[in-house]
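Engineer: 3D, please:
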Amino acid sequence: MNRIYFDNAATTTLDPQVLETMLPYLTEKFGNPSSIYSYGRESRLAIESARKTVARILNAHPAEIFFTSGGTESSNTAITAAVRDLGCMHIISSPLEHHATLHTVEHLHHKGEAALSYVNLLPNGHIDLEDLEQKLAGSAEKTLVTLLHANNEIGNMLDIHAVGELCKLYGAIFHADTVQTVGHFPFDLRNTPVHFITGAGHKFHGPKGVGLLYINENVRIHPYIHGGSQERNMRAGTENLYGIVGFAKALELATVNHEADSSYIKGVKVYMMEQLKKNVKGISFNGDPLGRSLYTVLSVSFPKTEKSEMLLFNLDINNICASGGSACTSGAEQGSHVIRAINNNPNQVTVRFSFSKHNTKEEVDFVVSKLKELI
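Structural biologist: Numbers count the residues shown, from 1 in each chain. As a prediction, this is how the structure comes out:
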């Protein structure tokens, strides 16, 4: 039986066209981008043309686009620089952030480099913007606001423009973790009040190990990784040449096909919600699944029974890939910090299903029929 892959928020398949674009740089075009001979210049050209492609799609300037090893490095760089280089003495974040943000702000706080506050949440898991404004108004020091554009576990989306305008009003620095939205939604960074955003190629059918850090041109920071002049002196180390080329190609394809893909995927998600409601008693959905939410993510809480406690393992035995929370924490006994923060119900078991253009309603039918058996 074929495997059913409903964990696309963790990672996605590599698009064959992306692989095709990367292959020459894995084989004959292997020159070091920092070398001066033609071989190296060819590699350098590939990176700079990838940068231009990404900048054009996000409506940014190429000088604002930096390639990294992924979303985690990008968020670490932005948050650390905001504190150490931009003078932010106070960080406002939320309890629902990805660990790349949470662990970084906790680390800076424990080291005594910045005060740390968490913004209140509304019952549906959205950020309480009134509370954010009060915290900004009450902050005597320069502040960094770091919030997810879309939550990787429950899919809730932040109004990035509203938060950006608040940050502008109070002179705060704004970092948005956009790992779940770059490649899934159109961006217009010239007209978005944000200082830093992040991206990861493997979330939209690109390669793993390559990411994006956008640094607004009005922001001056120091490198986080030292030892070379790559990425315009911002990130030392030989560039991930084929990764960067793949990232740009994947973003290009995602953008061209955005309208068709997003409405198709949303259809699969909504269909799964309907089928689950019809067929499984006592379930609930986390967050705001039909409101301001990722079209790719559905977080479902099932009633806890003898059988459902082993739900993820049993799905796996039936060749169905889903996750308990984020891939980065699955297998850990303590469960998901996101679900704990919004729905601390010990009598429920939460599963995140996340979809891509390759999923079908037939797969949903199969999974729902298995869930009926397993619960």
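Engineer: and the pLDDT at residue 98?
Structural biologist: At residue 98, the model reports a pLDDT of 97.
Engineer: just use 12 as the starting number from now, easier for me
Structural biologist: Okay, using 12 as the starting number, the last item reads as residue 109.
Engineer: residue 106 and residue 324, how far apart?
Structural biologist: Residue 106 is 28 Å from residue 324, where distance means C-beta to C-beta, to the nearest Å. Any C-beta I mention is one placed from the backbone N, CA and C, and that applies to glycine too.
Engineer: which other residues reach stretch 260-270?
Structural biologist: Contact with stretch 260-270 is made by 26, 28-29, 32-33, 64-65, 68, 193-197, 210, 212, 215-218, 272, 368, as judged by C-beta atoms under 8 Å, 6 or more residues apart in numbering.
Engineer: tell me which of residue 106 and residue 324 has more neighbours.
Structural biologist: Per other C-beta atoms under 10 Å, whichever of residue 106 and residue 324 has more neighbours is residue 106, with 14 against 10.
Engineer: for the more buried one, give its distance to residue 269.
Structural biologist: Residue 106 sits at a distance of 31 Å from residue 269 (criterion: C-beta to C-beta).
Engineer: counting neighbours, what do you get for residue 348?
Structural biologist: As a burial measure, residue 348 scores 17 neighbours (other C-beta under 10 Å).
Engineer: before we move on, what SS does residue 179 have?
Structural biologist: Three-state call for residue 179 (DSSP: H, G, I helix; E, B strand; the rest coil): helix.
Engineer: tell me the contacts of it?
Structural biologist: By C-beta under 8 Å, 6+ apart, the residues touching residue 179 are residue 204.
Engineer: tell me how far it lies from residue 138.
Structural biologist: Taken as C-beta to C-beta, the span from residue 179 to residue 138 is 17 Å.
Engineer: that older thread, out of the contacts of stretch 260-270, which sit inside helices?
Structural biologist: 28, 29, 32, 33, 64, 65, 68, 272 (DSSP state H).
Engineer: so what's the fourth one up against?
Structural biologist: With contact taken as C-beta under 8 Å, 6+ apart, residue 33 is in contact with 218, 253, 254, 256, 257, 260.
Engineer: change it to 10 Å
Structural biologist: Residues in contact with residue 33, defined by C-beta atoms under 10 Å, 6 or more residues apart in numbering, are 25, 217, 218, 252, 253, 254, 255, 256, 257, 258, 260, 261.
Engineer: return the member of these nearest to residue 44.
Structural biologist: Nearest to residue 44 among these: residue 252, at 6.2 Å, using C-beta to C-beta.
Engineer: per-residue pLDDT of that closest one, please?
Structural biologist: 98.
Engineer: run a quick neighbour tally on it.
Structural biologist: Residue 252 has 23 neighbours, counted by other C-beta under 10 Å.
Engineer: same question for the one 5 residues further on.
Structural biologist: For residue 257, the neighbour count with other C-beta under 10 Å is 31.
Engineer: pLDDT score for it?
Structural biologist: Per-residue pLDDT puts residue 257 at 98.
Engineer: isn't it up against residue 27?
Structural biologist: No. Here residue 257 does not reach residue 27: they are 11.6 Å apart, not a contact under C-beta atoms under 10 Å.
Engineer: between these two, which contacts overlap?
Structural biologist: Jointly contacting residue 257 and residue 27 under the rule C-beta under 10 Å, 6+ apart are residue 216.
Engineer: what's the burial count for the closest residue in space to residue 374 that isn't next to it in sequence?
Structural biologist: Leaving out its chain neighbours, the residue that sits closest to residue 374 by C-beta to C-beta, 6 or more residues apart in numbering is residue 15, at 4.9 Å. Residue 15: 21 surrounding residues under other C-beta under 10 Å.
Engineer: quick check: next helix or strand after the strand or helix carrying residue 285?
Structural biologist: In the assignment (DSSP states H and E), residue 285 maps to helix 269-290. As assigned by DSSP H and E, the chain's next helix or strand after helix 269-290 is strand 295-296.
Engineer: got the buried residues for the next helix-or-strand element following that following strand?
Structural biologist: The helix or strand immediately downstream of strand 295-296 is strand 308-314, counting by DSSP H and E. For strand 308-314, burial by neighbour count (16 or more other C-beta atoms under 10 Å) applies to 308, 309, 310, 311, 312, 313.
Engineer: turn those residues into JSON lines, including pLDDT.
Structural biologist: As requested, those are exported to JSON lines (pLDDT from 0 to 100):
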{"residue": "308", "pLDDT": "98"}
{"residue": "309", "pLDDT": "98"}
{"residue": "310", "pLDDT": "97"}
{"residue": "311", "pLDDT": "96"}
{"residue": "312", "pLDDT": "94"}
{"residue": "313", "pLDDT": "94"}
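Engineer: how about a markdown table for these, with distance to residue 157 added?
Structural biologist: Shown next, in a markdown table, are the buried residues of strand 308-314 (distance: C-beta to C-beta, whole Å):
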| residue | distance to residue 157 |
| --- | --- |
| 308 | 21 |
| 309 | 26 |
| 310 | 22 |
| 311 | 28 |
| 312 | 27 |
| 313 | 32 |
